[in-house]
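J.: here is the input, now give the coordinates:
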Amino acid sequence: MADKSKRIYVADDDDNIRQVVKTFLSSDGYELEDFPTGDLLFERFMQVPCDLVILDVMMPGSDGFTICTKLREVSTVPIIMLTARDSENDYAMGLGLGSDDYITKPFSAMALLMRVRAIFRRIDFESQKHASDNPSSVKVGKLMIDESRHQIFREGKPIALAPTEYDVLRYMMQRVGQAVSREELLNSVWGFETAVETRATDDTVRRLRQKLDGSGVKIAAVWGFGFRLEDNE
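T.: Take a look at the predicted model:
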């Protein structure tokens with residue numbers, strides 16, 4: 001059973017889908033609130049934040065991509081995108097905007113539950129594992145990992161990172177100077193690998209590069225392979 005303290009918001013304009021998702025995830029112990037539009041979900045989130053957001057892409061008002069962008073401006077909450085679209089561009093766009101996972105309709109409620117569990121399991125596992133570690137064990141350039149708080153700091157100030165961004169940067173900081181393949185990142189951070197999903201690594205790295213500006217740390221491309229974290233200090 002899930003941790004009953006976990007609160008999930010789901011937005012979808014299909015009443016049946018919202019009811020199925022709410023019923024199924026609630027039966028696993030999560031606290032669910034559902035909304036017919038992303039705008040209502042965002043309004044609620046700004047009042048009372050939650051632990052995970054599930055967003056349909058095509059909704060009245062602001063679409064899921066727009067709400068994802070707005071959420072990323074104020075929070076690192078995990079986001080799962082739902083969509084009837086099944087195109088590579090939409091998939092890449094969702095991950096590129098900062099969502100943590102993406103599932104296409106039609107989908108089974110059990111498949112969605114597995115994705116939700118996987119995200120929370122990864123976050124909880126990393127938090128528990130890091131709590132016993134030395135919070136100052138990894139420093140690169142002006143960056144330092146605080147394992148106990150599940151955060152990365154630049155000159156004492158926390159960097160706002162989504163869960164997958166934190167995991168990718170932490171993984172690379174522990175291997176500074178080493179070439180890390182896209183497939184290695186997918187297996188270690190996301191736990192999957194397909195030709196389409198390798199786009200997730202590129203989009204995540206692109207966002208990290210923007211956030212690391214001025215840190216003395218650079219994520220360099222290794223042509224035809226992956227990436228390497230370089231300490232330019």
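J.: let me know the average pLDDT across stretch 75-84.
T.: With pLDDT averaged residue by residue, stretch 75-84 scores 85.
J.: which residues of this protein fall in helices?
T.: 15-27, 38-47, 64-74, 88-96, 109-131, 163-173, 182-185, 199-211 (DSSP state H).
J.: quick one: closest of these to Met81.
T.: helix 88-96 (4.2 Å; Cβ to Cβ). (C-beta placed from N, C-alpha, C; glycine too.)
J.: quickly list the domain ranges of the chain.
T.: 7-124, 133-231 (automatic domain parsing).
J.: least confident of the ones you listed, on average?
T.: The weakest mean pLDDT among those belongs to domain 133-231, with a mean of 79.
J.: re the thing from before, turn the helices of the chain into a markdown table, including distance to Gly224.
T.: Listed next are these as a markdown table, based on distance: least, Cβ to Cβ, whole Å:
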| stretch | distance to Gly224 |
| --- | --- |
| helix 15-27 | 40 |
| helix 38-47 | 38 |
| helix 64-74 | 30 |
| helix 88-96 | 19 |
| helix 109-131 | 28 |
| helix 163-173 | 18 |
| helix 182-185 | 10 |
| helix 199-211 | 13 |
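J.: mind putting those helices into TSV with distance to Glu147 and mean neighbour count?
T.: Output for the helices of the chain, formatted as TSV (distance: least, Cβ to Cβ, whole Å; neighbours: other Cβ atoms under 10 Å):
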stretch	distance to Glu147	mean neighbour count
helix 15-27	29	16
helix 38-47	27	18
helix 64-74	24	19
helix 88-96	26	19
helix 109-131	3	15
helix 163-173	9	22
helix 182-185	20	18
helix 199-211	18	18
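J.: what's the end-to-end length of stretch 24-33?
T.: 13 Å (Cα to Cα, to the nearest Å).
J.: look up how far Arg18 lies from Leu25.
T.: As for Leu25, its distance to Arg18 is 11 Å (criterion: Cβ to Cβ, to the nearest Å).
J.: any shared contact partners between the two?
T.: Common contacts of Leu25 and Arg18 (Cβ atoms under 8 Å, 6 or more residues apart in numbering): Val10.
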